[in-house]
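Engineer: Whatever this is, show me its structure:
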Amino acid sequence: MEQRNEQLGGLRGNPSLVEVVEAYYRSTPVSTVFEVLWEKLRALPTYRTFLEVDEAELWAIFLQTGMSAKVFIEALLADSKEVYLGDPDSFEPEEEYYCLNNESMLWENFRGLGFFIKDRARLKEFLQEKIGRKFAVYPYYMQVYGDLVFDFREKKLFRGDEELLTLGAKTLPITKLLLENRGRKFTYEELAEELGEISAFNHWQTAPNYKVKIDKIFARLNRACGRRIFQFWDKVVYLEP
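Structural biologist: Residues are numbered from 1 along each chain as shown. Next up, the predicted model:
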């Protein structure tokens, strides 16, 4: 564990995303914006359709990550288009909104940030895809998931000082791919394409056993982790954020 702490720039335990970024890149990932929205959406009752990031929360985000409200808004604008409710020729400033390009949410920059949920399922999928990107900021040889440390240089899975599993030639690339794309759902065909194994997936001799072998890898990983973190079903494979 001491060696891995040294590799993480002296950070102890399981460092947060912000700590890793500060130690290695001295900057804040834009995906923090979508992580904030994801956490607020998860806490919002399903019957409610409005969430807000107020000025106090924006200030707290700035103190924790260095990301200003301006940067927060710029990240949102990159995936949004300007819209007006009512007659665009006679609008008041507070009637100016932005809509995410997937049409799942309206938002306004007025006394903090207010978000009107149009399609919760589509918004959830959009945010999960966005926050999945943040995990690539860890060093290329390491990913942290809760109390688990996946060290791809040592090819080991650890919990604290306990070694749980050796990551084999098949297990390692699959594990790394899903950890760096948390929340993204891969079909088995997409997984094969990403791993450069599409010919094995399509070949009439190897195709029947391909999915079975992949499922066995995820079952073994989940046993080693002590809980089901890798989800695999008939059509998709994913890891929750």
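Engineer: rest of the way, CA atoms for contacts and neighbours
Structural biologist: Noted.
Engineer: Show me where this protein has its helices.
Structural biologist: Counting by DSSP state H, the chain has helices at residues 2-7, 17-24, 31-43, 55-65, 69-77, 120-132, 171-179, 188-194, 198-202, 207-225.
Engineer: Lowest mean pLDDT across these, which one is that?
Structural biologist: Looking at the helices of the chain, the lowest mean pLDDT belongs to helix 2-7 (a mean of 45).
Engineer: picking that back up, and of the helices of the chain, who's closest to Glu163?
Structural biologist: Among the helices of the chain, the nearest to Glu163 by Cα to Cα is helix 207-225 (9.7 Å).
Engineer: Just the buried positions in that closest one, please.
Structural biologist: 210-211, 214-215, 217-219, 221, 224-225 (16 or more other Cα atoms under 10 Å).
Engineer: Just flag the most distant two among the residues you listed.
Structural biologist: In these, two members sit farther apart than any others by Cα to Cα. They are Tyr210 and Cys225, at 23.0 Å.
Engineer: ok, back up a step: tell me which of the buried residues of helix 207-225 is nearest to Leu77?
Structural biologist: Closest approach to Leu77 among the buried residues of helix 207-225 (Cα to Cα): Phe218, at 37.6 Å.
Engineer: Which one of the helices of the chain lies nearest to Tyr98?
Structural biologist: Nearest to Tyr98, of all the helices of the chain, is helix 69-77, at 7.7 Å by Cα to Cα.
Engineer: which parts of the closest one are buried?
Structural biologist: For helix 69-77, the neighbour count (16+ other Cα under 10 Å) marks 69, 72, 75-76 as buried.
Engineer: quick one, that helix and helix 31-43 angle?
Structural biologist: Using axes from the mean of the first three to the mean of the last three Cα atoms, to 10 degrees, the inter-axis angle of helix 69-77 relative to helix 31-43 is 80 degrees.
Engineer: Report how many residues lie close to Phe34.
Structural biologist: 21 (other Cα atoms under 10 Å).
Engineer: Skipping its backbone neighbours, what lies nearest Trp107 in space?
Structural biologist: Using Cα to Cα, 6 or more residues apart in numbering and skipping residues adjacent in sequence, the residue nearest Trp107 is Phe115, 4.3 Å away.
Engineer: In contact with that neighbour: list those residues for me.
Structural biologist: Counting by Cα atoms under 8 Å, 6 or more residues apart in numbering, Phe115 makes contact with 50-52, 105-108.
Engineer: Read off the pLDDT value for it.
Structural biologist: 91.
Engineer: now swap in the one 4 residues further on and tell me
Structural biologist: In the predicted model, Asp119 carries a pLDDT score of 92.
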